[in-house]
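**Student:** Show me how the following folds:
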Amino acid sequence: MAYTVDYTDGTKTAILVNDGTVDTTTDLKLIGKNYSRYGEVVAEDFLHLLENFAGGTAPSRPSEGQLWYDSTNNCMKYFDDTQGNSGNWKGVGSMTVQSAEPNGVGESDGHMWLDTDNGQLHMYYNGAWQTISSPLGTTQFVARTRIDTANASHSTLEMIVNGEIVSITSSDAADWAPNTAGVTAEYLENGTTLLNTQFPTIKQGINLNNGTDYLFNGTATSAQYADLAERYESDTELAYGTVVDLGGEKEVTTSNTDLSSQVFGVVSTNPGLMLNSNAGPDATHPYIALAGRVPCKVIGKANKGDRLVTSSTPGHARAVSNDENYNYTHVVGRALDTKINDEPGLIEIVVGVK
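**Tutor:** Now for the predicted structure:
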């Protein structure tokens with residue numbers, strides 16, 4: 001009398017095994033009642049299971065979840081039947097966990113090795129072990145979540161060399177200061193130094209450790225913005241484009257005298273090169289453009305090319321005529337735009353005596 005063999009997945013149609021026959025619906029042979037020489041069939045089934053159907057060709061009648069050792073590529077695969085019986089054999093991840101480098105014998109592309117001595121992950125590719133991670137705790141890139149002094153979270157990407165944080169990259173537009181209360185050793189600057197010692201303020205972009213050994217060395221081929229500017233302490237908060245003199249209670253102050261010989265520069269909007277960047281924030285230490293082109297507050301009409309001097313309108317330059325009694329000490333820059341009205345406004349200028 002025939003019997004049925006049910007799949008684990010009850011939605012699949014059971015296999016009907018007739019008397020006196022060997023069913024070959026799957027890669028394992030199913031023996032019907034009263035079949036002679038059944039011992040050989042049973043033994044072969046056990047052997048095939050033991051070796052996971054090892055061979056260079058995939059099993060021809062696979063069942064979902066079946067394992068196959070691909071002897072051509074020396075890797076274990078399983079059958080994914082979610083898209084039908086169309087040969088969807090997928091590799092099973094292989095990883096060697098040990099301190100010594102595997103000798104590569106029998107390895108295939110994609111095999112993994114975890115170096116337990118150094119905490120490094122390697123992948124076998126093109127006949128050799130390729131390093132795909134840096135040693136843990138010594139030299140690596142680490143994605144972290146930092147907390148600032150206001151207990152707000154910030155995502156950072158940090159470069160660590162020989163256990164010391166060399167740079168911190170942040171995408172946050174606003175500056176923030178790291179909170180150092182209750183942090184563990186791995187979050188310190190080098191395992192012992194509080195982070196804010198050498199990273200007192202985190203700015204948008206790449207922040208280098210401000211120790212003397214970590215400076216940018218290279219060749220700059222371009223700058224996004226157009227002026228060279230340096231931070232100077234101001235006696236009041238200054239708006240972009242304001243013309244400043246040397247003097248006042250601090251280092252610079254808003255110009256308010258016509259034809260001032262103390263004129264120094266213009267408050268930069270977006271400096272191309274920022275000098276003395278850690279002197280203080282914009283509110284107290286604005287960037288003063290000393291060369292290059294910047295927007296500048298101007299009162300009155302001006303033609304392209306006119307030389308500009310200070311005016312009696314605070315923080316505003318004006319065009320100077322050739323018959324005025326002035327010299328190079330009075331000139332803050334030259335107009336790059338034409339201004340056709342007498343009202344205060346912003347125009348592009350080139351800073352410096354030209």
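
**Student:** just the strands in the stretch 151-300 of the chain please.
**Tutor:** For the stretch 151-300 of the chain, the strands defined by DSSP state E, counting those that start in this stretch cover 153-161, 164-170, 205-208, 227-231, 243-246, 252-254, 263-267, 273-275, 287-298.

**Student:** Could you dump those into TSV and include distance to residue 196, mean neighbour count and mean pLDDT?
**Tutor:** Heads up, the C-betas are built off the backbone N, CA and C, glycines and all. Listed next are these as TSV, based on distance: least, C-beta to C-beta, whole Å; neighbours: other C-beta atoms under 10 Å; pLDDT from 0 to 100:
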stretch	distance to residue 196	mean neighbour count	mean pLDDT
strand 153-161	13	16	89
strand 164-170	11	20	91
strand 205-208	12	14	92
strand 227-231	20	23	94
strand 243-246	31	24	97
strand 252-254	28	21	97
strand 263-267	28	26	96
strand 273-275	21	16	90
strand 287-298	23	24	95
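
**Student:** Ranking helices and strands of this structure by mean pLDDT, which lands last?
**Tutor:** In the chain, no helix or strand scores lower on mean pLDDT, DSSP states H and E than strand 89-91, which sits at a mean of 80.

**Student:** Each with direction, which strands does that one pair with?
**Tutor:** Partner strands and pairing direction for strand 89-91 (DSSP bridges) are strand 75-79 (antiparallel).

**Student:** For the partner strand, which residues meet the burial criterion?
**Tutor:** Under the neighbour-count criterion of 16 or more other C-beta atoms under 10 Å, strand 75-79 has 75, 77, 78, 79 buried.

**Student:** quick revisit: return the list of strands paired to whatever helix or strand comes next after the least confident helix or strand of the chain, each annotated with direction.
**Tutor:** Scanning forward in sequence from strand 89-91 by DSSP states H and E, the next helix or strand is strand 95-98. Paired with strand 95-98 in the same sheet, following DSSP bridges, are strand 112-115 (parallel).

**Student:** Moving C-terminal from the partner strand, which element do we reach first?
**Tutor:** Sequence-wise, the next helix or strand downstream of strand 112-115 (DSSP H and E) is strand 120-125.

**Student:** Just the helices from the stretch 251-354 of the chain, written as ranges.
**Tutor:** In the stretch 251-354 of the chain, no helices are defined using DSSP state H, counting those that start in this stretch.

**Student:** of the buried residues of strand 75-79, closest to residue 269?
**Tutor:** Nearest to residue 269 among those: residue 75, at 59.0 Å, using C-beta to C-beta.

**Student:** Now the terminal residues of stretch 193-205, how far apart.
**Tutor:** 23 Å (C-alpha to C-alpha, to the nearest Å).

**Student:** got a list of contacts for that stretch?
**Tutor:** Under the contact criterion C-beta atoms under 8 Å, 6 or more residues apart in numbering, stretch 193-205 has outside partners 146, 154, 156, 165, 168-178, 180, 183, 187-189, 207, 209-211, 278.
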